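*Asks:* Have a look at this prediction, sequence included:
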Amino acid sequence: MGFFHRHRGLTPYLLLLPGLAWLAVFFLVPLGFLAYQSLQSGTFDVGYAFDWAWGNYWDALQRYHPWLVRSLVYAAIATLLALVISYPLAYWIAFRGGRWKNVLLVMIIAPFFVTYLIRTLAWQTILADQGPVVSLLRDVGILGANGRVLATSTAVVAGITYNFLPFMALPLYVALEAIDHRLIEAAEDLYASKLQAFLRVTLPLSMPGVVAGTLLTFIPATGDFINAQLLGTPKQAMIGNVIQSKFFNLLDYPGAAALSFTLMAAVLILIAIYARAIGTEKLTG
Amino acid sequence: MTDMLTREELLRRAGFGAAMLSIPGLAAACGGGGGGGSASSGTQKLADTLRFSNWPLYIDVNEKTKTHPTLDAFTKKTGVKVDYVEDINSNSEYFGKIQGPLSRGQSIHKDLIVLTDNERFLALMIDRGWVEELDKDAIPNISNLVDVQKHPGFDPDRKYSLPWQSGMTGIAYNPKVTKPILSIDQLFEDKSLKGQMTALNGFGDTLGLVMLANGDDPSKITDASFKSAIDRVKEASDSGQIRQFTGNDYAGPLSKGDLKACIAWSGDIVQLLPDNPDLKWVIPKDGGIIWTDNMIIPKGGDVFTASTYMNYAYTPAVAAKIAAYIQYVTPVKGTKEVLAKTDPALAGNELIFPTDATLEKVHLIDPEALNNQSYAEQWAAVLGA
């Protein structure tokens, strides 16, 4: 009769221990350190010291709000585009994929086997001024004769959409795949049109996938800096670029930390509003 | 019962395992750890392994075996294995990675790293005392160091650093899509290049060239010369003349013709030439910038072993093998003479062995200005971040 037999109630907590220890060491401790650093003042040359320097946050908001807003807008557009592109894709694979389902899913994930940086650089080739995409857009008159896509906001948003598409498509697929087809048949038996059945049965049942997909896309997209750096100009710089530059080039660690927290707060607030509007039960199904 | 006991044991082991996992993790996070199994002074004994971090594509490679012949020859000669890692892609990012441990007095487990003198980080490493002094008794070949490199501002007596290779910053253009672009004035003002030229995101590279075009001296930067240069770059960027600020990712767009011209490094263009024989690289009419990647021994590295390697790399025969492959400017005297026998075409290449006339046209960047925080912030603002 061992210890665990006598204290059965403890077992679940002990099982949680490795996970909690992991979170504490690799998430909470660095986060706490980042918070501590964000309230330091000084310079790299004389050293940084902790003195409740809330000014770093004021500076982050006041000087860098255009970058923050731009990042949120780009991420929102990219998330919406990813949703619009992924939904029919996931729907088709889930309902019509048949024995090709697995192959089609692998095709969605396939780009992930190439590193992020290379995938983004590939877009420099796809959208090249002399390339087929831009020639076509010029021919149909969407772009002027000397118009270009690279080094514009369009290129940056397109790059983000592309890079995060699988994060949207996979949760959507999982949600759609789990739908019991008999429910749709029942709706049609009860004289619902195809559209009505979709709007009142399929779509609501797929909402957990939509919510999970939007969160998984929007959150990392807001902090992205690779797309803005490789596909944009200084006018498209995002908050991630500012944080990167502050940390690596300017050695302004407190400023970079405060900006990171400001970004985190902005994203959390937006997600709280989103969750409240749409209902958290949608995420858990 | 046995089942119960097994589970119990399993849980205990799991708990113990987690503790084992996290304790070293915590210890590593909280400090501890001194020198990386190396002696910093006195002992004239070679380590088993030389831990060497360098930039990608910056040493000779045997294309068939994917090995580095000069490093293998070093191992054969000294018995020291070389743990050669190409993990330096950017001075700032590498510095960001190593500054934490170094500032806490910990070793970064490297014996030799390579940083560039046209950014603030090399000078910072030396000023902070985060490097070991070279063991010059082990480097008699230091006499082969070219004269221009003997007394740089950041290390006037070469106590801590030795050049690995140098390169020049100038203008590259693609003659298939533009007329020759020979000056910064032309690059910044010719409307036919609007939106089809890029500048480098390194402050020393781009501002240095603009200062020369403005008639200012980039090796002695003043507030006034800084301001007129940065204003000029900002204007060109705001007007859309400059399409982007890049690292070495200009190479693809330039060879494809998306870019007509750009500010570029000499060595990159030499490496692009085999596939794009038309590309041209020139020192701008008003002068170019020269920069040098320097080997340093980070604190805690094995001084004797690293110095022994430096001595080996400063043998003209070895330097010739490296230069023949990577095609940057070598700092080792006598290399050209060695190459003249084996590969006369390379020995005659001006981008690898610049003539005195060329060297007169290229300038060093002021190390003081590189470390000026206000300048760095103003430059970051022009880059958009």
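*Replies:* Looks like it arrived, so ask away.
*Asks:* Surely B:Gln106 touches B:Gly300?
*Replies:* Yes: look at B:Gln106 against B:Gly300 with C-beta atoms under 8 Å: they come within range, at 7.4 Å. The way it works is simple: take the backbone N, C-alpha and C, and place the C-beta from them, glycine included.
*Asks:* what about these two, which has more around it?
*Replies:* Legend: neighbour count by other C-beta atoms under 10 Å in any protein chain shown for B:Gln106 and B:Gly300, higher for B:Gly300 (24 against 19).
*Asks:* helix, strand or coil for the more buried one?
*Replies:* coil (DSSP: H, G, I helix; E, B strand; the rest coil).
*Asks:* can you pull out the strands in the chain?
*Replies:* Chain wasn't specified; assuming chain A. Remark: strands assigned in chain A by DSSP state E are A:40-43, A:47-50.
*Asks:* Not quite, go with chain B.
*Replies:* Using DSSP E, strands in chain B cover B:49-53, B:81-85, B:112-116, B:161-173, B:197-200, B:242-246, B:261-265, B:280-282, B:288-296, B:362-363.
*Asks:* Can you tell me which of those strands is nearest to chain A?
*Replies:* In terms of C-beta to the nearest C-beta, the element of the strands of chain B nearest to chain A is strand B:242-246, at 5.1 Å.
*Asks:* Return that closest one as CSV; C-alpha atoms alone will do.
*Replies:* Provided in CSV are the C-alpha atoms of strand B:242-246 (Å, rounded to 0.1, in the frame of the first residue of the first chain):
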residue,chain,number,x,y,z
ILE,B,242,15.0,53.5,-53.1
ARG,B,243,12.8,50.4,-53.3
GLN,B,244,14.0,48.6,-50.2
PHE,B,245,16.8,48.3,-47.7
THR,B,246,18.3,44.9,-47.9
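*Asks:* what bits of the stretch 1-150 of chain B have low per-residue confidence?
*Replies:* For the stretch 1-150 of chain B, applying pLDDT under 70 flags the ranges B:1-43.
*Asks:* List, one by one, the residues from the stretch 101-250 of chain A near chain B.
*Replies:* Where the stretch 101-250 of chain A comes near chain B, counting by C-beta under 8 Å from any C-beta of the partner chain, the residues are A:121, A:124-125, A:128-130, A:148, A:150-151, A:230, A:232-237, A:241-242, A:244-250.
*Asks:* report the longest helix in chain A, please.
*Replies:* Scanning chain A for the helix with the most residues, using DSSP state H, yields helix A:55-96.
*Asks:* and it, what does it pack onto?
*Replies:* strand A:40-43, helix A:101-109, helix A:153-177, helix A:203-223, helix A:239-244, helix A:253-278 (3 or more C-beta pairs under 8 Å, 6 or more residues apart in numbering or on different chains; DSSP states H and E).
*Asks:* residue contacts, B:Val80?
*Replies:* By C-beta atoms under 8 Å, 6 or more residues apart in numbering or on different chains, the residues touching B:Val80 are B:46-50, B:74, B:305, B:308-309.
*Asks:* redo that, cut-off 7 Å
*Replies:* Counting by C-beta atoms under 7 Å, 6 or more residues apart in numbering or on different chains, B:Val80 touches B:46-50, B:74, B:305.
*Asks:* any idea of the mean pLDDT for stretch B:306-323?
*Replies:* The pLDDT scores in stretch B:306-323 average 96.
*Asks:* mind exporting it as CSV, just the C-alpha atoms?
*Replies:* In CSV, the C-alpha atoms belonging to stretch B:306-323 read as follows (Å, rounded to 0.1, in the frame of the first residue of the first chain):
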residue,chain,number,x,y,z
ALA,B,306,42.8,29.6,-31.5
SER,B,307,46.1,31.5,-32.0
THR,B,308,47.6,28.3,-33.5
TYR,B,309,44.8,28.2,-36.0
MET,B,310,45.2,32.0,-36.8
ASN,B,311,48.9,31.3,-37.5
TYR,B,312,47.9,28.5,-39.8
ALA,B,313,45.4,30.7,-41.7
TYR,B,314,48.0,33.3,-42.1
THR,B,315,50.3,31.0,-44.1
PRO,B,316,50.1,32.3,-47.7
ALA,B,317,49.5,28.8,-49.1
VAL,B,318,46.5,28.3,-46.9
ALA,B,319,45.2,31.8,-47.4
ALA,B,320,45.5,31.2,-51.2
LYS,B,321,43.3,28.1,-51.0
ILE,B,322,40.6,30.0,-49.0
ALA,B,323,40.7,33.1,-51.3
